[in-house]
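**Q** Structure here, sequence nowhere to be found:
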Ligand code: SF4
């Protein structure tokens, strides 16, 4: 039985409850569970990240980053935010069709950024099998003038290079390759992000898209105090990202939500027990690092940006003027009814 809280959250995030889901495959210890979603576009307001429409075709993520803030989303499905988040991935099988519907009916979507990957990685390994992100992006080809962002750590995004290049001609598209470790920090990176490619490989992805003329930036997140926030490491990382062709660099200090705190503290206890005390004090007030410490970390990133020639605001849209979007109505209706006998689980 769902708790009242989890049921409300399921509605808000367009989930189907687990009782109406079915296991659709297992690979390398990861179980994929197919679900039907009423919607895949979620307007985000009133949080530390706001003013955009988030799109997430998968719940859970095999990349298994110890610090992942999206772990709480598994609690909405009455699943544990620890290992189950990494080993039981929910696949919104009807995401492309739901996305096309959402594009037509979500008020104000044409003036918001449509952000793929604000919670879980849209190019995580499941995407190689299910192609949901690719099929949703293809739905945007008949249109022009939207603002689209994609955040990923995965080189699988290179599979869609031709599609993304075409979309960048029609829309205000920006790719953000997420990497907060320099190449010298690869040992600790592997411990924190056990199934994510190396920083060097992520910089190659930046280079590939930059060479293809697609706007691509570095998202330096999360900055983890005492682990990857040294001035030297940030200068090295930012310098290499700029050499690779990153148009901008932005970042975010570690955010420790309730569901993330326990797995992260377990990791810390095992690998960096010397930092435990500082973390308890730094995050004693809640989800964010205490303000004065946070400013120190943010200042280091700003210095690193400036050292490689970036000044001004981080991560600003190319064009802040209202955009004219055409052909919204030209999106074709869903090609077929949603899989699962059309059974839909949310009102
Ligand atoms: S890649 Fe992103 S979504 Fe996946 S586990 Fe890591 S932080 Fe979470």
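**A** That came through, no problem. Just so it is clear, the model here is predicted, and its values are computed rather than measured.
**Q** just the helices in the protein please.
**A** Secondary structure of the chain by DSSP state H: the helices cover 4-13, 72-75, 83-87, 95-105, 126-130, 132-138, 161-170, 186-192, 199-211, 231-244, 258-271, 276-282, 291-307.
**Q** quick one: contacts of the fifth one?
**A** Looking back up the chat, that one is helix 126-130. Contacts to helix 126-130, defined as C-beta atoms under 8 Å, 6 or more residues apart in numbering, come from residues 25, 27, 30, 32, 57-58, 62, 89, 91, 93, 133-134, 154, 156, 159. Bear in mind the C-beta positions are built from the backbone N, C-alpha and C, glycine included.
**Q** Just the buried residues of those.
**A** Buried members of the contacts of helix 126-130, counted by 16 or more other C-beta atoms under 10 Å: 30, 32, 57-58, 62, 89, 91, 93, 133-134, 154, 156, 159.
**Q** is it possible to export those to JSON lines including distance to residue 183?
**A** JSON lines is the format used below for the buried ones among the contacts of helix 126-130 (distance: C-beta to C-beta, whole Å):
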{"residue": "30", "distance to residue 183": "28"}
{"residue": "32", "distance to residue 183": "33"}
{"residue": "57", "distance to residue 183": "31"}
{"residue": "58", "distance to residue 183": "28"}
{"residue": "62", "distance to residue 183": "24"}
{"residue": "89", "distance to residue 183": "29"}
{"residue": "91", "distance to residue 183": "33"}
{"residue": "93", "distance to residue 183": "38"}
{"residue": "133", "distance to residue 183": "27"}
{"residue": "134", "distance to residue 183": "29"}
{"residue": "154", "distance to residue 183": "18"}
{"residue": "156", "distance to residue 183": "21"}
{"residue": "159", "distance to residue 183": "24"}
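**Q** and the residues you listed, which of them are in strands?
**A** Mapping those onto strands (DSSP state E) picks out 30, 32, 58, 89, 91.
**Q** that older thread, make CSV from the helices of the chain and add mean pLDDT and distance to the ligand to it.
**A** Shown next, in CSV, are the helices of the chain (pLDDT from 0 to 100; distance: least, C-beta to the nearest ligand atom, whole Å):
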stretch, mean pLDDT, distance to the ligand
helix 4-13, 43, 14
helix 72-75, 72, 9
helix 83-87, 87, 7
helix 95-105, 93, 16
helix 126-130, 97, 11
helix 132-138, 98, 13
helix 161-170, 98, 19
helix 186-192, 96, 9
helix 199-211, 98, 11
helix 231-244, 97, 17
helix 258-271, 92, 9
helix 276-282, 96, 18
helix 291-307, 96, 18
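**Q** Which among those helices is found nearest to residue 178?
**A** Across the helices of the chain, residue 178 has its closest neighbour in helix 199-211 (7.7 Å, C-beta to C-beta).
**Q** thinking again about what came up before, now the helices of the chain as CSV including distance to residue 148?
**A** Shown next, in CSV, are the helices of the chain (distance: least, C-beta to C-beta, whole Å):
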stretch, distance to residue 148
helix 4-13, 20
helix 72-75, 22
helix 83-87, 26
helix 95-105, 11
helix 126-130, 17
helix 132-138, 8
helix 161-170, 7
helix 186-192, 28
helix 199-211, 14
helix 231-244, 21
helix 258-271, 27
helix 276-282, 35
helix 291-307, 24
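**Q** Out of these, which is closest to residue 119?
**A** With C-beta to C-beta, the closest approach to residue 119 among those belongs to helix 72-75: 5.9 Å.
**Q** so how far is residue 245 from the nearest residue to residue 227 once chain neighbours are set aside?
**A** Using C-beta to C-beta, 6 or more residues apart in numbering and skipping residues adjacent in sequence, the residue nearest residue 227 is residue 188, 6.2 Å away. Separation of residue 188 from residue 245 (C-beta to C-beta, to the nearest Å) stands at 26 Å.
**Q** And residue 175, by the same measure?
**A** Counting by C-beta to C-beta, the gap from residue 175 to residue 245 is 11 Å.
**Q** Among those two, which residue is more densely surrounded?
**A** Neighbour tally, residue 175 and residue 245, criterion other C-beta atoms under 10 Å: the higher count belongs to residue 175, 25 against 19.
**Q** show me the contacts for the more buried one.
**A** Shown in contact with residue 175 (C-beta under 8 Å, 6+ apart): 149-150, 152, 157, 164, 209, 214-217.
**Q** again with residue 170
**A** 140-141, 143-145.
**Q** Let's have these in JSON lines, adding pLDDT, neighbour count and distance to residue 275.
**A** Formatted as JSON lines, the contacts of residue 170 follow (pLDDT from 0 to 100; neighbours: other C-beta atoms under 10 Å; distance: C-beta to C-beta, whole Å):
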{"residue": "140", "pLDDT": "96", "neighbour count": "22", "distance to residue 275": "43"}
{"residue": "141", "pLDDT": "96", "neighbour count": "14", "distance to residue 275": "47"}
{"residue": "143", "pLDDT": "93", "neighbour count": "19", "distance to residue 275": "47"}
{"residue": "144", "pLDDT": "92", "neighbour count": "16", "distance to residue 275": "48"}
{"residue": "145", "pLDDT": "93", "neighbour count": "14", "distance to residue 275": "47"}
